[in-house]
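Asks: no sequence on hand, only this structure:
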């Protein structure tokens, strides 16, 4: 997202955690100031109001998202509360536009093909906290003259990805010549490169669209197809072990975003 904002000629103030490496963010030529904090979700309204001084648009992409833990973590409540304080501060600071990042898990996933008109039915603390932020801010921010957009992410992959996620796991095993243990692979998903997702969010931040927006490819693909494509990079489909892991019975069979 920062790369896209830089290419668009935006001037950026970054708020990041203390100890978070700026080097992994790449080109910082668009960054006029870096503000650090030990925990951005526990800062006060007053602290955020000062951080937002002179800012036209806030793009809020932070959240607790440790793989394997984030769906049911109590940190989701902390993130929810901290985000509401950020919104209050945005109003105090005269911010014109606020863009937040949600998740496809807010939706009733039984629909399979998900549009922004699909009813919400979160079934985890993570999705519930995201949906709560969306519901609250979509009502509160416009009352204070702030345009609000909510970007719902689907399945991301790409640079900087945690090694515990699907794509890094596939590449690590295949490059080492080790078997890749997978479920049936029949799950249908909507995968998008994080670079494309970042550009879409940046474009929304710089534009005038409001309300919920799906950040997705709109292209259905099975996990099996994804695994086979990555395996073909190594010419090692023989290492794929579909069915070695049981399918998650509560995992939705199809999660694909609809754009427009």
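Replies: It's in. Please read these numbers as outputs of a predicted model, since none were measured by experiment.

Asks: where in the stretch 1-150 of the chain is pLDDT low?
Replies: 21-23 (pLDDT under 70).

Asks: would you mind measuring from residue 110 to residue 234?
Replies: 36 Å (C-beta to C-beta, to the nearest Å). (C-beta placed from N, C-alpha, C; glycine too.)

Asks: could you find the closest non-adjacent residue to residue 125?
Replies: Leaving aside its sequence neighbours, residue 125 sits nearest to residue 76 (C-beta to C-beta, 6 or more residues apart in numbering; 4.6 Å).

Asks: swap that for residue 185, sorry
Replies: In space, and not counting its chain neighbours, residue 185 is closest to residue 224: 3.0 Å by C-beta to C-beta, 6+ apart.

Asks: isn't the one you found right up against residue 243?
Replies: No - applying C-beta atoms under 8 Å, one finds residue 224 not in contact with residue 243, separated by 10.4 Å.

Asks: if you count surrounding residues, which of these two has more?
Replies: Taking neighbours as other C-beta atoms under 10 Å, residue 224 and residue 243 compare with residue 224 leading, 17 against 12.

Asks: what residue lies at the spatial centre of the chain?
Replies: Centroid check for the chain by C-alpha atoms, centre = their mean gives residue 153 as the closest residue, at 4.9 Å.

Asks: ok, that one - contacts?
Replies: Going by C-beta atoms under 8 Å, 6 or more residues apart in numbering, residue 153 touches 101-104, 197, 215-216.

Asks: ok, 6 Å please
Replies: Taking C-beta atoms under 6 Å, 6 or more residues apart in numbering, we find residue 153 in contact with 103, 215.

Asks: can you pull out the residues in contact with stretch 230-243?
Replies: In contact with stretch 230-243 (C-beta under 6 Å, 6+ apart) are residues 170, 174, 179-182, 184-185, 227-228.

Asks: before we move on, what about stretch 172-180?
Replies: 231, 234, 236, 239-241.

Asks: determine which two of those are furthest apart.
Replies: Taking every pair in those and measuring C-beta to C-beta, the maximum separation is 14.8 Å, between 234 and 241.

Asks: I'd assumed residue 251 was in contact with residue 109.
Replies: No - at 9.4 Å, residue 109 does not count as touching residue 251 under the criterion of C-beta atoms under 6 Å.

Asks: which one of those two is surrounded by more residues?
Replies: residue 109 (19 against 10).

Asks: now the closest residue to that one other than its chain neighbours: which helix or strand?
Replies: The shortest distance from residue 109 to any non-neighbouring residue, by C-beta to C-beta, 6+ apart, is to residue 252 (4.1 Å). Using DSSP states H and E, residue 252 is not contained in any helix or strand.

Asks: now the helices for the protein?
Replies: Secondary structure of the chain (DSSP state H): helices at 2-7, 45-51, 75-93, 125-143, 166-175, 194-206, 223-234.

Asks: follow-up on the earlier one: just the pLDDT at the residue nearest to the centre of the chain, thanks.
Replies: On pLDDT, residue 153 comes in at 98.

Asks: and for residue 162?
Replies: Reading off the model, residue 162 has pLDDT 84.

Asks: not counting sequence-adjacent ones, nearest residue to it?
Replies: Counting by C-beta to C-beta, 6+ apart, the residue nearest residue 162 is residue 67, at 5.2 Å.

Asks: over to residue 75?
Replies: residue 64 (3.9 Å).

Asks: mind listing what that neighbour touches?
Replies: Counted by C-beta under 6 Å, 6+ apart, residue 64 has contacts 70, 73, 75, 79.

Asks: give me that answer again for 8 Å
Replies: 41, 70, 73, 75-76, 78-79.

Asks: among those residues, name the buried ones.
Replies: 41, 70, 73, 75-76, 79 (16 or more other C-beta atoms under 10 Å).

Asks: what's the farthest-apart pair in those residues?
Replies: So, those by C-beta to C-beta: farthest apart are 41 and 70, at 13.3 Å.
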